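Trainee: let me see the structure of the following:
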Amino acid sequence: MNTPQYQPNNVLAARARLGESPVWDATQKLLYWVDIYNYRVHQFNPVTGQNSFFDVGDVVGCVALAGANRLIMAQRDRLAFLNTHTGEITPIIQVEADKPSNRFNDGKCDPQGRFWFGSMSQEKSQASLYRYDPDNSLHLMETGLTVSNGLGWSPNEKVFYLTDSEQQKIYAYDFDAPTGKISNRRIFVDLTKAPFFPDGLTVDSEGHIWSAMWEGGCVIRFDSTGKEILRVKFPVKSPTNCTFVGEDLKLLYITTASVGLSQAEIDKSVSSGDLFEVQTDIAGLPSYHFQSLTQ
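Mentor: Sure, this is the predicted structure:
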């Protein structure tokens, strides 16, 4: 079988410090994404190329859809709703306020409408993964992490994936969809011998995982056994996350970062922090909504 040669296309010269958390709103046909250290939630129209943003006043690790004209977001130590018409921010709950060296990082909603989000810590094994349910209950799902990152679910909703970037591993868990419980953690991908770190990920309709490689200049597709089957190279050092967009969900959008680069590295890859797209022949999975019981 011939390996497809997918080519990244720069669609927005955003020059973000730390672009992350791309989420496709299929109803409005808009891509939401964040620039963590510039405190911005972006709104990008792939058809017109127009981009706008909301300044949310503090770091924002991730966002997810939460109904009409609303996002749920994980900021430094809290969850909040963002009204995408008015820019109004409504606090929900504060978490890990007793851990000043931590901040929230990647997250997304599962197919049942529960919001999963994890923290990252400057201290080893002091980060955690949480699940916030539509009934406003908060659940601690995993501990002992350092940089909780890329997460997703298999198409049959039997497997949950979670990345710890610092440990250079992607884990797989058994996932019980009705209860949201995870169990039987095992190593899905081990990159401890690689000179880069797995960051955000997305799962496609074939059950394969696309993981952005921090400091690796690529996105790698792994099959359901964890074997690398495709590598898409980028003209930047640190792709950060990816998701599928469009009517057929075959267009992969990728966020990138410029933070931490030396001037020489910036000169070498001036498009660091920009937004990219890759046309594929593989359909992704939709971005799920937080199914809040109260609006």
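
Trainee: using PDB, write down the CA coordinates of the lowest-mean-pLDDT helix or strand in the chain.
Mentor: The element with the least model confidence among the helices and strands of the chain, by mean pLDDT, DSSP states H and E, is helix 263-268, at a mean of 81. Extracted in PDB, the C-alpha atoms of helix 263-268 (Å, rounded to 0.1, in the frame of the first residue of the first chain):
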ATOM      1  CA  GLN A 263      15.800  34.000  17.700                       C
ATOM      2  CA  ALA A 264      17.700  31.700  15.400                       C
ATOM      3  CA  GLU A 265      15.000  29.100  15.500                       C
ATOM      4  CA  ILE A 266      12.300  31.800  14.900                       C
ATOM      5  CA  ASP A 267      14.300  33.100  11.900                       C
ATOM      6  CA  LYS A 268      14.500  29.500  10.600                       C
END
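
Trainee: tell me the strands beside the very next helix or strand once past it, with direction?
Mentor: Elements were assigned by DSSP states H and E; along the chain past helix 263-268, the next helix or strand is strand 275-279. When pairing is defined by DSSP bridges, strand 275-279 lines up against strand 8-12 (antiparallel), strand 251-256 (antiparallel).

Trainee: how far does the shortest one sit from the chain's center?
Mentor: Right, strand 8-12. For strand 8-12, the distance between its averaged C-alpha position and the chain's averaged C-alpha position is 18 Å (Cα atoms, centre = their mean, to the nearest Å).

Trainee: now swap in stretch 30-48 and tell me
Mentor: Here stretch 30-48 shows a centroid-to-chain-centroid distance of 13 Å under the convention Cα atoms, centre = their mean.

Trainee: okay, buried residues for that stretch please.
Mentor: 30-36, 38-44, 46 (16 or more other Cβ atoms under 10 Å). Backbone N, C-alpha and C define where each C-beta goes, glycine included.

Trainee: top strand in this structure by residue count?
Mentor: Ordering each strand of the chain by length in residues (DSSP state E) puts strand 181-190 first.

Trainee: just give me the neighbour total for the residue nearest to Pro8 when sequence neighbours are not counted.
Mentor: Closest residue in space to Pro8, ignoring its immediate chain neighbours: Phe276 at 4.5 Å, by Cβ to Cβ, 6 or more residues apart in numbering. A total of 24 residues lie near Phe276 under the criterion other Cβ atoms under 10 Å.

Trainee: ok, now Glu228?
Mentor: When neighbours are defined as other Cβ under 10 Å, Glu228 has 12 of them.

Trainee: my guess is it meets Gly216, correct?
Mentor: No - the criterion here is Cβ atoms under 8 Å, and Glu228 misses it with Gly216 at 11.9 Å.

Trainee: need the next SSE after the longest strand of the chain, C-terminal direction.
Mentor: Toward the C-terminus, strand 181-190 is succeeded by strand 197-203 as the next helix or strand (DSSP H and E).

Trainee: and the angle for that next one with strand 181-190?
Mentor: Relative orientation of strand 197-203 versus strand 181-190 (axes from the mean of the first three to the mean of the last three Cα atoms, to 10 degrees): 120 degrees.
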